[in-house]
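Peer 1: What follows is a predicted structure for the sequence shown.
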Amino acid sequence: MASWDTSRYLTLFIGEATEHLDALSKDVVRLEQGASVEIIDSMFRHAHSVKGMAASMGFEPPAKLSHHLEDLFSTLRADVSRVDRSIGDLVLQTVDVLSAQVKAAAAAQPFPDGSALATLLAEATARFSPQPPSSAPSLAPPPSAPSPSSPPASPSAPAPAPMPAEGNGDDPPVHPRFQISLRVSPGANQPGVRGFLAYKRLSGIGNVFDLKPPLEDVKAGRLEQGAIRLELETTETEAAVSRTLKTVADVELVSITAVSRASAPAVPAAVAAAAAEAEKSRVIGKEPPRTVRVKTELLDQFLDATGELLLATARVREVGKSLPEVHRPPLDESVDRLHALVRDLHGKVMQARMTPLAVITDRLPRAARDIARRRAREVELTITGADIELDRSIVDELADPVLHLLRNAVDHGLEPPEERRMRGKPTRGTVTFTVRRLRDRVSVEVEDDGRGMDAERLKTAAVERGLLTPDQAKALTEKEALMLCCMPGVSTASDVSDISGRGVGMDAVKRVVESVGGSLEIESQRGVGTKFRLTLPLTVAMVNLLLVSVGDDVFGLPIGKVSGVVEMVRAKLERSQNAPVLHFGGHVVPVHELAEVLDVPGLPIDQLRHSPFVIIETDDGRLALGVDRLLGQQEVVLKALSKPLDLIPGLAGVTILGNGRPIFVLDAARLVTP
């Protein structure tokens, strides 16, 4: 029999095992806040899934280590009141080693040694159990440890089904037969893979009959409520069959009963499946929607390709304008159709790139718990809105900034329990992580009920480091003073730990947020708490621009930020506190000349009878930008700026127009900020 190659499932194993281990970490935090049988059951299921997947791939070390976790959780079910922090520490240490083993499998590296943890888990299981824990079941296929110089080996094919022994009579010997009912978990990412793995495992220890649904439906994941029924003829015992099925993650053995030989069909399921191949080629059924895992690099390539198609379409449209009028209608019609198709394709690629913030927040409870333990704090973390989606490129950039904000909140924001008690606060501090959708943007807030930030101490620290003069510091508003913590080296922390407090980090947070087109705000009240608010775009790929010119230069302003346009003679602008202003929507709006802000030459005043002023919405209110001309609107693909242009405030990105001309896209709010 040909060997069964599991390498195609390696990506699936890595992704799902990582998800189960992350969920297990979250369950540990929940367990320490209040132990219950339900949480223990959840932890058991995650450990069982990891064990089954690892065993199916032939990865013995993680399979054995997760089996020891199963033993511990099974024992703890009997009396959850005995669960203490030492159990949480031990489980999290095991999760860390299992995670390292999963990463080793991904990189074709030797597995980290987990034998010491296995011993500790066995000792803990014995401590909580009146009887010694059961020995680890034999794992199928037989273990084959990977060599240090090669990737973990794929398991060999299951052994052929036992053949009838030769005898003197005409009839072969009768082997035991079991009627088996299985169920694939509703949450399984690839139910067809799970069902097929179960079939392969059972085929390896005997002959499978009367498989329902048929094998092709099992492979395709067409399982009604995840149910699979079959009969198995085997020389193995019922316990051995049960152990074999335990090696398959997300597959539950519902029932197994012995049946008489007379009731069995004559044709094994594998033979029936082969006979159905011709029928499959004749009749094509409609499959339900299914999902697959796609490499992020491939999505990036798709996005770049569709962006280039949009640019090429715009270029064709521009070239078409030079053709005689009689030839333009059919070309314009074709270009419009092409643009619609490419735009729809681009939208689908963008939708595939959207990722929920839960991929970041799922790891925060574990991080908060670990930091609190190390710093002798008590913390309750609340997360809401984590299902809101952002472009994957933005989510990837946010992982470190969000973790840094959480560390600051727990390490420096929250007071020690004794100090909180003296201030009349609950000994357990709270940190809330809140995500909200704001039209075309998303707000992410990290708030704590700790000691708050001292604006005056921040001013003093900035002056001491020579970043501000005393007069400049004195002139700052409280909001501006709080933002000083984002300057390199400015910190009010009274102690320096290995977690935070060295005056670095907040500048990186601000830089990352602004690099994806977002903004950072800080609100704080002494003795009450601090709130960090990140305002982020949904995506950084496509944007509608209002094109404006200043002299010979062309710039783009995001339409989403434009409230309107006012045309008037510059000489008739009113002045307030010696600065030009205009009236718009019942409010007085400050005016800024874009030519002066960018330090580029504009058109002479005598050529501008009625000048356009673009009204821009910012977080601090409205402002007006004086430009030379309005050139219309255009939907473009926004490209990120490379170094050192990404360090210039006010530049949101760059794009290429249909005529091939590159232009800068401006962030007016940052452009005119003093």
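Peer 2: Done, it's in. Numbers count the residues shown, from 1 in each chain.
Peer 1: CA atoms for contacts and neighbours, from now on please.
Peer 2: Will do.
Peer 1: Show me what residue 653 bridges to in the sheet.
Peer 2: Note on residue 653: beta-bridge partners by DSSP bridges are residue 665.
Peer 1: what's the burial count for it?
Peer 2: Counted by other C-alpha atoms under 10 Å, the residues lying close to residue 653 total 23.
Peer 1: Pretty sure it sits against residue 662.
Peer 2: No: the pair residue 653 / residue 662 is not scored as a contact, 10.6 Å apart, by C-alpha atoms under 8 Å.
Peer 1: Now for the chain, the helix or strand with the poorest mean pLDDT.
Peer 2: Taking mean pLDDT, DSSP states H and E as the measure, the helix or strand of the chain with the lowest value is helix 277-282, at a mean of 42.
Peer 1: Work out the gap between the helix or strand harbouring residue 408 and the centre of the chain.
Peer 2: Per DSSP states H and E: residue 408 is located in helix 392-408. Using C-alpha atoms, centre = their mean, to the nearest Å, the distance from the centre of helix 392-408 to the centre of the chain it belongs to is 11 Å.
Peer 1: Which residues does that helix contact?
Peer 2: Here helix 392-408 makes contact (C-alpha atoms under 8 Å, 6 or more residues apart in numbering) with 353-355, 357, 360, 364, 367-368, 371, 431, 446, 499-501, 505-506, 508-509, 512-513, 516, 532, 539-540.
Peer 1: Mind pulling the model confidence for residue 358?
Peer 2: As predicted, residue 358 sits at a pLDDT of 88.
Peer 1: Quick check: closest non-adjacent residue to it.
Peer 2: residue 386 (4.8 Å; C-alpha to C-alpha, 6 or more residues apart in numbering).
Peer 1: any idea which helix or strand comes after the least confident helix or strand of the chain?
Peer 2: According to DSSP H and E, the helix or strand after helix 277-282 is helix 296-320.
Peer 1: Return the list of helices and strands in contact with that following helix.
Peer 2: With contacts defined as 3 or more C-alpha pairs under 8 Å, 6 or more residues apart in numbering; DSSP states H and E, helix 296-320 has these neighbours: helix 328-353, strand 629-637.
Peer 1: Now intersect the contacts of helix 392-408 with the strands, please.
Peer 2: 354, 355, 431, 446, 532 (DSSP state E).
Peer 1: isn't the fourth one right next to residue 531, touching?
Peer 2: Yes: counting by C-alpha under 8 Å, a contact exists between residue 446 and residue 531, whose distance comes to 5.7 Å.
Peer 1: Which of the helices or strands spans residue 25?
Peer 2: Counting by DSSP H and E, the element that carries residue 25 is helix 10-33.
Peer 1: Put the alpha carbons of that helix into PDB.
Peer 2: Extracted in PDB, the C-alpha atoms of helix 10-33 (Å, rounded to 0.1, in the frame of the first residue of the first chain):
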ATOM      1  CA  LEU A  10       1.000  20.600   8.000                       C
ATOM      2  CA  THR A  11      -0.400  24.200   7.500                       C
ATOM      3  CA  LEU A  12      -3.800  23.100   8.800                       C
ATOM      4  CA  PHE A  13      -2.200  21.400  11.800                       C
ATOM      5  CA  ILE A  14      -0.100  24.500  12.600                       C
ATOM      6  CA  GLY A  15      -3.000  26.900  12.300                       C
ATOM      7  CA  GLU A  16      -5.600  24.800  14.300                       C
ATOM      8  CA  ALA A  17      -3.100  23.700  17.000                       C
ATOM      9  CA  THR A  18      -2.100  27.400  17.500                       C
ATOM     10  CA  GLU A  19      -5.800  28.400  17.800                       C
ATOM     11  CA  HIS A  20      -6.500  25.600  20.400                       C
ATOM     12  CA  LEU A  21      -3.400  26.500  22.400                       C
ATOM     13  CA  ASP A  22      -4.400  30.200  22.400                       C
ATOM     14  CA  ALA A  23      -7.900  29.200  23.600                       C
ATOM     15  CA  LEU A  24      -6.400  27.000  26.300                       C
ATOM     16  CA  SER A  25      -4.400  30.100  27.600                       C
ATOM     17  CA  LYS A  26      -7.600  32.100  27.800                       C
ATOM     18  CA  ASP A  27      -9.300  29.300  29.700                       C
ATOM     19  CA  VAL A  28      -6.600  29.300  32.300                       C
ATOM     20  CA  VAL A  29      -7.200  33.000  33.000                       C
ATOM     21  CA  ARG A  30     -11.000  32.200  33.300                       C
ATOM     22  CA  LEU A  31     -10.200  29.300  35.600                       C
ATOM     23  CA  GLU A  32      -8.200  31.500  38.000                       C
ATOM     24  CA  GLN A  33     -11.000  34.000  38.100                       C
END
